[in-house]
Structure formats: C-alpha cells, structure tokens
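>>> 3D, please:
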Amino acid sequence: MDQTAHHSRAPEDLVVFAALAATWLVYLVGGLYVLGPVLGVGLTGLLLARFYVGGSGLAVRPSHSIPAGVWVWILGMLVMLLALEIGHANNNLSVGQTIKSTIGWAKGWALLALFPLIGACLNIRLETVIRAASIVALGSLILTPLLLLAPKLGLPEVIFVSPLKLVGGPGPEFFAIQLYSIEPTDGSTRLRYFTPWSPAAGLIGNMYLIFALADRRKLWKWIGIVSALCIIVFSKSRLAIAAALFIWPLVVAIGEARRPGLWLLAAAGLFLLTPFAQGILDTIDATLNSVKSMRADSTRVREALGEIAVHRWWTEAPIFGHGVVERGPHFVEFMPIGSHHTWYGLLFVKGLVGVLALAVPLAWSLIEFTLLAFARSRAGQVALAMVLLMTFYSIGENLEILSYLMWPGLLVMGIASREVAALGKLDTAQT
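Purely as a prediction, here's the structure:
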C-alpha cells in the first residue's frame with residue numbers, strides 16, 4: 001500500500017533513492033559508515049523542522065504522526081542510552097570514555113529508532129526502497145565474478161583504507177575497500193562485498209533477498225534474487241544460509257494463512273510425513289552438525305565468548321552491565337567479550353536493562369508486523385521478514401554495529417508501522 005498521498009515525489013523520497021542506489025559508489029570511497037548516521041540524523045532533522053513549521057500554520061508538505069510501534073523503538077533506544085550512562089557511572093569509567101560510548105550509541109543503537117521514525121513519518125514509499133535496492137543488487141551481481149577472480153589474479157585483499165576513518169568507528173575494516181578475504185583454517189576465499197566482514201555480507205544479502213522477493217517487476221526480481229543468493233553463498237556464512245531457507249517461506253505462510261486450503265495441505269503433508277518423522281529429525285540433526293563443523297574453530301570461540309559474557313554479567317553487573325566491552329583471554333583469540341552475539345553483548349555491556357530495551361521493541365514489531373502480513377500487506381511482509389532477520393542474526397552478530405547497513409530495512413519497518421496506524425484509524429472510524 002502506497003501511503004504517499006502526493007502526485008509529485010517528496011524530496012525525502014528522492015534522497016532515500018539516491019543514497020541507497022549509490023551504495024557501491026559510496027563504498028568505493030569508504031563512506032558507508034558515514035552515510036548511514038548522516039542520512040538518519042539529516043532526515044530526522046527534516047522531520048522535526050516540518051513538525052515545527054507545520055505547527056506555525058505555514059504551508060509545508062505534511063508529515064505523518066508517530067505510530068505506537070515507532071514510539072516503542074524510540075523509548076527502547078533511550079532506555080539503552082540510560083543503561084549505558086548508568087553502567088559507566090557504576091564502573092567508574094572516565095568522562096572521555098562515557099562521551100565516546102554515547103557517540104557510539106548515536107551511530108549504532110539510535111539508528112534502530114531513527115530510521116523507523118523516518119519511514120513512518122516522512123513521505124517515503126516502499127517502492128522507492130525496493131527499486132533502489134535492485135540497482136545495488138545489479139551492481140553486486142556484476143562485481144561478483146571480478147571479486148572471485150581477484151585472488152587468482154594475485155590482487156591484494158585490501159585495496160586501501162579510506163581517510164574517512166578519521167571520523168571514528170569500530171575499526172578500520174568499516175572504511176576499507178576489500179576485494180576478498182582468505183579463511184585461515186582452510187585457505188578458502190570469502191567475499192565481503194560492501195560490508196566489514198563476511199557474516200555481515202550474509203545478513204545484508206538476506207535483506208536484499210527480502211527486497212527482491214517483494215519486487216513486482218519480473219526481470220528486476222530475478223536479478224535481485226540471483227544477486228542476493230550470490231552474496232549469501234560467497235559470504236560462506238552458516239547463519240545466512242539458514243536465514244535464507246527459513247525467513248521468507250515463513251512470511252509467505254503467514255500471508256497465506258487465511259486460505260483454508262493451505263491449512264488442509266499442511267495437515268495432509270504432516271500426516272503423510274509422520275512415518276518418516278524420525279528419519280527427518282535425524283537428517284536435520286546431521287545437517288546442523290555439518291553446518292557447525294564447517295567452521296568449528298569459529299563455533300568454539302563464539303560459544304566460549306558467550307559463556308564468559310554470561311558468567312561475568314551474572315556475577316559482576318546483572319542490572320546495568322559493565323558499560324564497555326573488554327578484551328577476552330587468549331583461548332578466545334582475544335576477541336572482545338560479548339562480540340558476535342547481540343544478547344550476550346547486551347548482558348555484558350548494558351545488563352538486563354539493555355536486553356529488555358531491545359527485546360520489547362523486537363517483540364512488539366514481531367506481533368505488529370505478523371498481523372499486518374496476515375492481512376497480506378506487502379510492506380507488512382517485508383517488515384516482518386526484516387524483524388525476523390534481525391532476530392535471527394542477533395545470535396550471531398551485534399546488530400547495532402551493522403545498523404548503518406540495515407537502514408533500508410529499518411525504513412520499511414517504519415513504513416509498515418504507518419500502515420498499522422492507518423488500519424487502526426480505519427477500524428476506529430468504522431466502529
């Protein structure tokens with residue numbers, strides 16, 4: 001459903017299209033980590049200006065009211081900030097460290113609220129995001145053979161690190177133009193595309209797969225699907241493969257759940273499969289073990305980091321956490337405690353308060369968008385798939401670090417929240 005009531009495209013709609021379509025160009029100058037926060041803050045500023053000027057009676061392009069679902073994300077991320085500040089105070093961290101962490105919150109967690117706010121309240125169309133994403137998909141598809149040939153041609157892994165790294169960030173990999181990476185355990189090639197590491201490429205590949213499957217243009221739809229599958233496969237991320245097999249089929253099933261024939265077909269299928277249930281379970285178990293063994297060292301490190309994070313959270317700082325990440329010991333390869341997992345990271349850094357600050361908005365959106373997808377809304381289906389993807393990846397990545405890449409999906413969550421609010425007003429008017 002297109003909620004934009006204007007015949008001419010709003011300037012924010014054009015800005016979003018240009019920013020997303022230029023993803024590869026911006027990446028080649030190392031600017032993606034800068035683009036996300038700048039776009040989020042800039043469009044939020046435009047929204048606030050419209051609210052202010054609109055209240056003065058001047059003729060400006062109207063903005064939509066903030067839906068309840070977006071308010072939940074705003075409050076959740078503000079609670080996240082509160083947990084950060086109290087955690088720093090409880091652990092006697094310096095003022096400089098507190099300021100640095102607050103800036104990090106603004107470039108990470110805050111974006112999880114700003115982009116849904118922008119999508120809900122500004123005049124941005126779902127079709128704009130999908131069409132711009134298809135341009136990114138085409139670029140990714142064209143570049144894939146070149147990226148695969150790079151190691152065979154003897155080209156370096158990293159071409160250069162952009163001077164934009166001076167603005168500050170989690171690490172130089174966020175500003176590096178990297179053609180590929182070599183897996184140290186088996187010497188295989190993994191592609192990162194325009195992301196900082198390969199599993200992140202798997203997450204973004206799934207986001208672009210969601211957009212492609214929602215595209216109504218057949219040619220662009222298949223370009224997007226093939227491109228997204230290339231990103232997922234060549235990232236060699238186990239979580240990405242699992243997400244691709246699970247998320248969209250579930251969303252489609254929810255969207256078609258109102259059809260009695262689907263339930264009859266599912267019941268008949270379950271009945272016919274009952275004699276083979278044990279064999280199916282054994283096959284699934286063997287497959288999961290095979291996926292784990294693909295990168296056994298990585299699995300071991302992740303599990304150990306999680307155990308350390310949970311133990312130290314519970315015994316040292318259960319409510320507001322430690323305030324900052326800490327370097328792990330040698331047997332976890334000195335990886336930061338709480339990294340590679342959103343929930344363990346939140347427990348360690350922001351405690352139980354931080355976990356609730358993310359869990360409540362995710363649960364709200366999951367329920368809200370499931371109901372909207374059930375009503376066969378395209379925006380609802382895309383938004384539900386995005387929330388499922390975020391939930392799925394929260395067990396393998398730190399979501400806030402990659403929010404600067406997930407912003408198109410976060411925008412669609414806002415667009416879907418706008419639809420939920422509109423349906424609520426319609427129901428109220430009818431009663």
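
>>> show me the contacts for M413.
Contacts were defined as C-beta atoms under 8 Å, 6 or more residues apart in numbering; by that measure M413 touches 115-116, 119, 365, 369, 383, 386-387. No exception for glycine: its C-beta is placed from N, CA and C like everyone else's.

>>> list the buried ones in the host helix or strand of it?
Counting by DSSP states H and E, the element that carries M413 is helix 403-430. Of all the residues in helix 403-430, those buried under the rule 16 or more other C-beta atoms under 10 Å are 403-421, 423.

>>> these two touch, right, H322 and I308?
No - under the criterion of C-beta atoms under 8 Å, H322 lies out of contact with I308, with a separation of 11.8 Å.

>>> the more surrounded of those two?
Between H322 and I308, counted using other C-beta atoms under 10 Å, H322 has the larger neighbour count: 23 against 20.

>>> does the more buried one count as helix, strand or coil?
Assigned state for H322: coil (three-state reduction, DSSP: H, G, I helix; E, B strand; the rest coil).

>>> pLDDT score assigned to it?
Reading off the per-residue confidence, H322 sits at a pLDDT of 80.

>>> residue ranges with poor pLDDT in the chain?
Within the chain, the set of residues satisfying pLDDT under 70 comprises 1-8, 54-63, 185-186, 256-302, 306, 328-336, 338-340, 424-431.

>>> any idea which helix is longest in it?
Longest helix of the chain, by residue count under DSSP state H: helix 342-374.

>>> now do the buried residues in it.
For helix 342-374, the buried set under the neighbour-count rule, 16+ other C-beta under 10 Å, comprises 342-359, 361-362, 364-366, 368-370, 372-374.

>>> before we move on, what about stretch 72-90?
Using 16+ other C-beta under 10 Å as the test for burial, stretch 72-90 gives 72-74, 76-77, 79-81, 83-84, 86-88.

>>> among those residues, which ones are in helices?
Under the assignment DSSP H, these contribute 72-74, 76-77, 79-81, 83-84, 86-88 to helices.

>>> which one of these is nearest to E326?
Nearest to E326 among these: G87, at 12.5 Å, using C-beta to C-beta.

>>> check the ones in helices among the buried residues of stretch 72-90 and tell me the two furthest apart.
Of all pairs drawn from those, the widest gap by C-beta to C-beta lies between V72 and H88 and measures 25.1 Å.

>>> distance of the closest residue to I177 other than its chain neighbours relative to K165?
The shortest distance from I177 to any non-neighbouring residue, by C-beta to C-beta, 6 or more residues apart in numbering, is to I159 (4.6 Å). As judged by C-beta to C-beta, to the nearest Å, I159 and K165 stand 14 Å apart.

>>> which residues are common contacts for H322 and I308?
Taking C-beta under 8 Å, 6+ apart as the contact definition, H322 and I308 share no neighbouring residue.

>>> which stretches of the stretch 151-300 of the chain form strands?
With DSSP state E, counting those that start in this stretch, the ranges of strands along the stretch 151-300 of the chain come out as 158-161, 176-178, 181-182, 189-190.

>>> which of those sits closest to A19?
For A19, the closest of these is strand 176-178, at 18.8 Å, according to C-beta to C-beta.

>>> okay, now the sheet partners of that closest one, with direction.
Sheet partners assigned to strand 176-178 using DSSP bridges are listed as strand 158-161 (antiparallel).

>>> kindly format the C-alpha coordinates of the partner strand as CSV.
Extracted C-alpha coordinates of strand 158-161, given in CSV (Å, rounded to 0.1, in the frame of the first residue of the first chain):
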residue,chain,number,x,y,z
VAL,A,158,42.6,-4.7,0.8
ILE,A,159,43.0,-2.0,-1.8
PHE,A,160,43.0,0.9,0.6
VAL,A,161,41.5,2.2,3.8
